[in-house]
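S.K.: Build me a structure from this.
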Amino acid sequence: MRDALGDGYTEALRKAWKGDVPESADLVMFWWAKAASETVAARTKRFGFITTNSIHQTFNRRVMEPYVTVAEASRLPAPLHLAYAIPDHPWIDSADAAAVRIAMTVAAPGNAEGVLETVTSEVAMEHGECMVEITRQRGIIASNLNVGAD
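M.R.: Next up is the predicted model:
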């Protein structure tokens with residue numbers, strides 16, 4: 001993040017979100033936290049992001065957990081739920097043909113089931129695009145982008 005945004009911006013961002021977003025989190029997780037806060041406060045109805053597929057790794061999951069995980073001590077419902085997620089999907093950047101892996105998440109208020117899609121097969125096509133087959137599962141989607149226990 002420092003390389004792309006510079007020391008000043010990175011430090012200001014981390015200071016503004018200290019305690020809410022770990023220093024090791026990806027840049028998009030600051031925006032994820034902001035969108036989650038706005039949704040919890042009913043200033044937006046739902047939000048979605050295309051991120052790197054590292055969103056479900058521990059350092060990024062810590063941003064999502066307070067919003068989508070039931071508070072164990074009080075058993076209070078989570079303020080948001082993941083309405084849709086796909087944790088690992090191919091993405092081809094048409095500008096430079098770079099192939100990367102992305103994740104997609106959509107969060108909405110309340111405690112409800114969501115749709116988790118998982119890529120089960122990929123076939124490279126002639127111009128760099130990728131044909132994918134996907135399975136779909138309904139259930140409570142945890143911050144690790146799985147249905148079931150986090």
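S.K.: contacts, neighbours, all on C-alpha from now
M.R.: OK.
S.K.: Okay, now the sheet partners of the strand ranked longest in the chain, with direction.
M.R.: Ranked by residue count and defined by DSSP state E, the top strand of the chain is strand 80-93. The pairing partners recorded for strand 80-93 under DSSP bridges are strand 98-109 (antiparallel), strand 114-124 (parallel).
S.K.: if you compare those strands, which one is most tucked away?
M.R.: Most buried of the strands paired with strand 80-93, by mean neighbour count (mean count of other Cα atoms under 10 Å): strand 98-109, with a mean of 18.
S.K.: In CSV, could you pull the C-alpha coordinates for that strand?
M.R.: The C-alpha atoms that make up strand 98-109 are tabulated as CSV, following Å, rounded to 0.1, in the frame of the first residue of the first chain:
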residue,chain,number,x,y,z
ALA,A,98,-2.8,-10.1,-16.3
ALA,A,99,-4.6,-13.1,-14.7
VAL,A,100,-5.4,-12.7,-11.1
ARG,A,101,-7.8,-14.3,-8.6
ILE,A,102,-10.6,-12.2,-7.1
ALA,A,103,-13.4,-12.5,-4.6
MET,A,104,-16.8,-10.9,-4.6
THR,A,105,-18.9,-10.0,-1.5
VAL,A,106,-22.2,-8.4,-1.0
ALA,A,107,-23.4,-7.5,2.5
ALA,A,108,-26.8,-6.4,3.7
PRO,A,109,-28.5,-5.6,7.0
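S.K.: Just the residues contacting that strand, thanks.
M.R.: If you take Cα atoms under 8 Å, 6 or more residues apart in numbering as the criterion, strand 98-109 is touched by 36, 39-40, 45-55, 79-93.
S.K.: just to revisit the earlier point, what residues sit buried inside the longest strand of the chain?
M.R.: By 16 or more other Cα atoms under 10 Å, the buried positions in strand 80-93 come out as 80-91.
S.K.: Can you lay out the residues you listed as a markdown table showing pLDDT and distance to residue 20?
M.R.: Listed next are these as a markdown table, based on pLDDT from 0 to 100; distance: Cα to Cα, whole Å:
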| residue | pLDDT | distance to residue 20 |
| --- | --- | --- |
| 80 | 94 | 16 |
| 81 | 94 | 18 |
| 82 | 95 | 19 |
| 83 | 97 | 22 |
| 84 | 98 | 23 |
| 85 | 97 | 22 |
| 86 | 98 | 24 |
| 87 | 96 | 22 |
| 88 | 94 | 25 |
| 89 | 94 | 27 |
| 90 | 91 | 29 |
| 91 | 87 | 29 |
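S.K.: Right, I'll leave it there.
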